[in-house]
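Chemist: sequence-free structure coming up:
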DNA sequence: ATGATAAATAGAATTCTATTCTAGAAAATT
DNA sequence: AATTTTCTAGAATAGAATTCTATTTATCAT
């Protein structure tokens, strides 16, 4: 189970890579098994041996992407010194990951709707839940210490990631020319304004 | 079957409604023409007479939804007095529309990825562009007058709608219990902080 | 090493769906 | 009323996903 895994693992990876390229180009519905077969060099039998059906190829790509990103995020988060750095780390992780894996990111952002209905829906739910727990674990102390606002937990993610995600979606769809990289600070600052307990009690410059 | 139905386009509407229900329940890929036929009471021939193929049923629902929302948004925006009210109107429009049409909203948020690859991609692009122009028209004077920050145009939408959209997605997917309605002010305030040319601090009540 | 067992590959055969086709009914138009 | 157009219908077809059976390749126990 050691050497064969490397071998079969290669075919598996070839299939996934070919499938991703097809999915990006034609969408999941628009790509046929035949296209994936052509591009990967695998046979029908091999395709079905490894994945069982087309949907499972897609959901594997999807979940692996989520996990890959999630790992990068949590890594950076754990290295962040204070709350402000943590917020910056979240925004940066997002930007760095999508910049490094634009196709994969495009696929994930475009395919969530299909995964939700498929067999892998439960796995997606589990992955979401896990990430939520870990995020919560990071947030809690900062909320307790008063460096982050005390908001309902489900609001942090939207407030922190919402803008950069929406922008990224537009970028990956070709609607805007510049990558999110260019606006790192705008997104991080907005996120911090939204969830940080801004002690910044600015003295009134123009007092009445 | 009744007779005056055809005249009124009732059959068409029945098909769309049945299709939406199926799409929500099983996803677009997961619903068969047969399911839509069953649920709508139309025949195969009738289905294809009205829409040509399954994808066009989906894209019709999608584009009509976008337009319906867009209209509501622009209406409210035109009624907004100042910049702050406009931002609030955008957030409120979003929240009100998805709250009033949760299934439709769910469908749109989940199906964008598929429409992008389909025949209606151009129409989607056109709709996006049109909405962008109108938004720009509203923003410009406020930017010029200094009540809104002067940011690259493509940033306003993500900063204003990003958080509420991400939250809404989570709500429609059943990941959070409360509708976005509950957090209107959080989202509107965050949006305003992000794009408004804020003065030093914000008092609890406004004074002229 | 060697036969036994499992994993992987292959492509033909089958099944399941979307779509097309032909025909007829209902409405609109003349 | 005749004719043209729109709509409805379901059988026939085409195309793609999936299953099946056979074969090859690797792993393991002896």
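Modeler: Nice, thanks for sending it over. The shown structure was predicted, so the numbers you read here are calculated from the model rather than taken from an experiment. Numbers count the residues shown, from 1 in each chain, chains lettered A, B, ... in the order given.
Chemist: use CA for all of it now, contacts and neighbours both
Modeler: Fine.
Chemist: quick one: residues contacting residue A:16.
Modeler: Residue A:16 is in contact with A:57, A:61, counting by CA atoms under 8 Å, 6 or more residues apart in numbering or on different chains.
Chemist: just want the angle from the strand or helix carrying it to helix B:10-30.
Modeler: Following DSSP states H and E, one finds residue A:16 within helix A:3-30. Inter-element angle recorded for helix A:3-30 and helix B:10-30: 170 degrees (by axes from the mean of the first three to the mean of the last three CA atoms, to 10 degrees).
Chemist: downstream of the helix or strand of chain A with the lowest mean pLDDT, the next helix or strand is which one?
Modeler: Sorting the helices and strands of chain A by mean pLDDT, DSSP states H and E puts helix A:3-30 at the bottom, at a mean of 85. Moving toward the C-terminus from helix A:3-30, the next helix or strand (DSSP H and E) is helix A:33-40.
Chemist: circling back to that earlier point, centre of the chain to the helix holding residue A:16, how far?
Modeler: Mean-position distance between helix A:3-30 and its chain equals 19 Å (CA atoms, centre = their mean, to the nearest Å).
Chemist: and if you look at stretch A:17-34?
Modeler: Centre-to-centre, stretch A:17-34 and its host chain are 20 Å apart (CA atoms, centre = their mean).
Chemist: that stretch and chain B, any residue contact?
Modeler: Yes. Using CA under 8 Å from any CA of the partner chain, stretch A:17-34 reaches chain B at A:26, A:27, A:29, A:30.
Chemist: dump the residue contacts of the residue lying closest to residue A:191 once chain neighbours are set aside.
Modeler: Spatial nearest neighbour of residue A:191, excluding adjacent residues (CA to CA, 6 or more residues apart in numbering or on different chains): residue A:160 at 4.5 Å. With contact taken as CA under 8 Å, 6+ apart, residue A:160 is in contact with A:87, A:90, A:91, A:188, A:190, A:191, A:192, A:194, A:195, B:163.
Chemist: which one of those is nearest DNA strand D?
Modeler: For the contacts of residue A:160, the closest approach to DNA strand D (CA to the nearest atom of the strand) belongs to residue B:163, at 35.4 Å.
Chemist: just checking, that closest one touches residue A:156?
Modeler: No. Here residue B:163 does not reach residue A:156: they are 9.2 Å apart, not a contact under CA atoms under 8 Å.
Chemist: neighbour count: those two, which is higher?
Modeler: Between residue B:163 and residue A:156, residue B:163 has the larger neighbour count (other CA atoms under 10 Å in any protein chain shown), namely 31 against 22.
Chemist: ok, now how distant is the more buried one from residue A:157?
Modeler: Using CA to CA, to the nearest Å, residue B:163 is found at 8 Å from residue A:157.
Chemist: returning to what we had before: tell me if the residue nearest to residue A:191 really is in a helix.
Modeler: Yes. The assignment for residue A:160 by DSSP: H, G, I helix; E, B strand; the rest coil puts it in a helix.
Chemist: what's the pLDDT at it?
Modeler: You'll see residue A:160 listed with a pLDDT of 98.
Chemist: for residue A:55, see how far away it is.
Modeler: Counting by CA to CA, the gap from residue A:160 to residue A:55 is 31 Å.
Chemist: which parts of chain A sit against chain B?
Modeler: In this structure, chain A approaches chain B at residues A:26-27, A:29-30, A:109-114, A:117, A:154-155, A:158-167, A:176, A:187, A:190, A:193-194, A:201-205, judged by CA under 8 Å from any CA.
Chemist: below-threshold pLDDT in chain A: ranges please.
Modeler: Residue ranges of chain A with pLDDT under 70: A:1-8, A:199-208.
Chemist: which stretches in it count as helices?
Modeler: A:3-30, A:33-40, A:44-51, A:54-79, A:83-100, A:102-117, A:121-144, A:156-172, A:184-195 (DSSP state H).
Chemist: can you give me the domain assignment for chain A?
Modeler: Domains of chain A are assigned by automatic domain parsing as A:1-52, A:61-208.
Chemist: quick check, the residue in chain A closest to DNA strand C?
Modeler: Closest point on chain A to DNA strand C, by CA to the nearest atom of the strand, is residue A:45, at 3.1 Å.
Chemist: run a quick neighbour tally on that residue.
Modeler: Residues near residue A:45, counting by other CA under 10 Å, number 10.
Chemist: tell me who's in contact with it.
Modeler: Under the criterion of CA under 8 Å, 6+ apart, residue A:45 has no neighbours.
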